[in-house]
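1. Could you look at this predicted model? Sequence included:
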Amino acid sequence: MYKDVIWLCREVKTGADADGYPITKMRKIKVFANQKSAGTAEFYAALQNGIRMSAVFEVFCMDYDGQETVEHGGKTYKVQRTYSKGEDRLELHCSEVV
């Protein structure tokens, strides 16, 4: 069972302003997840490339549609990679956005 609630976020273009610049809106979807900590090996490997892996969220595959950002507990995370955990589950490996 999933015990955490997260928001999967994606910027969506909604048109253009009078000067031709794109207008975007953040679309958020509320889903259930389990928060895990990043593994030690992955944490240090990412840190060598300047990325600070800070959380892993396990979600149902059908809930995830390529969103690039996760919000949870007042923090914003960037999805760095995904990892399949079988037919119906997916791990989102994330770094905290500062």
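-> Perfect, thanks for sending it. Numbers count the residues shown, from 1 in each chain.
2. Now find how far off-centre stretch 16-32 is within its chain.
-> Distance of stretch 16-32 from its chain centroid, counting by Cα atoms, centre = their mean, to the nearest Å, is 17 Å.
3. what does stretch 87-96 give?
-> Taking mean C-alpha positions (Cα atoms, centre = their mean), stretch 87-96 and its chain are 7 Å apart.
4. Could I get the buried residue list for that stretch?
-> Buried residues in stretch 87-96, defined by neighbour count with 16 or more other Cβ atoms under 10 Å: Leu90, Glu91, Leu92, His93, Cys94, Ser95. For every residue, glycine as well, the C-beta is placed using N, CA and C.
5. Dump those residues into CSV; add secondary structure and pLDDT as well.
-> Shown next, in CSV, are the buried residues of stretch 87-96 (DSSP: H, G, I helix; E, B strand; the rest coil; pLDDT from 0 to 100):
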residue, secondary structure, pLDDT
Leu90, strand, 96
Glu91, strand, 95
Leu92, strand, 96
His93, strand, 94
Cys94, strand, 92
Ser95, strand, 91
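6. quick check, nearest of those residues to Arg27?
-> Proximity of these to Arg27, judged by Cβ to Cβ, is greatest for Leu92, which lies at 16.8 Å.
7. So the spatially closest residue to that closest one that is not a sequence neighbour, which state does it fall into?
-> Nearest residue to Leu92 in three dimensions, chain neighbours excluded: Phe57, at 4.6 Å (Cβ to Cβ, 6 or more residues apart in numbering). Secondary structure assignment for Phe57 (DSSP: H, G, I helix; E, B strand; the rest coil): strand.
8. So Phe57 sits against Gln35, correct?
-> Yes - using Cβ atoms under 8 Å, Phe57 is in contact with Gln35, at 5.7 Å.
9. mind listing the helices for the protein?
-> Along the chain, counting by DSSP state H, helices occupy 40-48.
10. Tell me how many other residues crowd Phe43.
-> Residues within reach of Phe43, counting by other Cβ atoms under 10 Å, total 16.
11. Would you mind confirming that it is in contact with Ala55?
-> No - counting by Cβ under 8 Å, Phe43 stays clear of Ala55, with 10.6 Å between them.
12. hang on, Ile51 packs against Val79?
-> No - using Cβ under 8 Å, Ile51 makes no contact with Val79, being 11.6 Å away.
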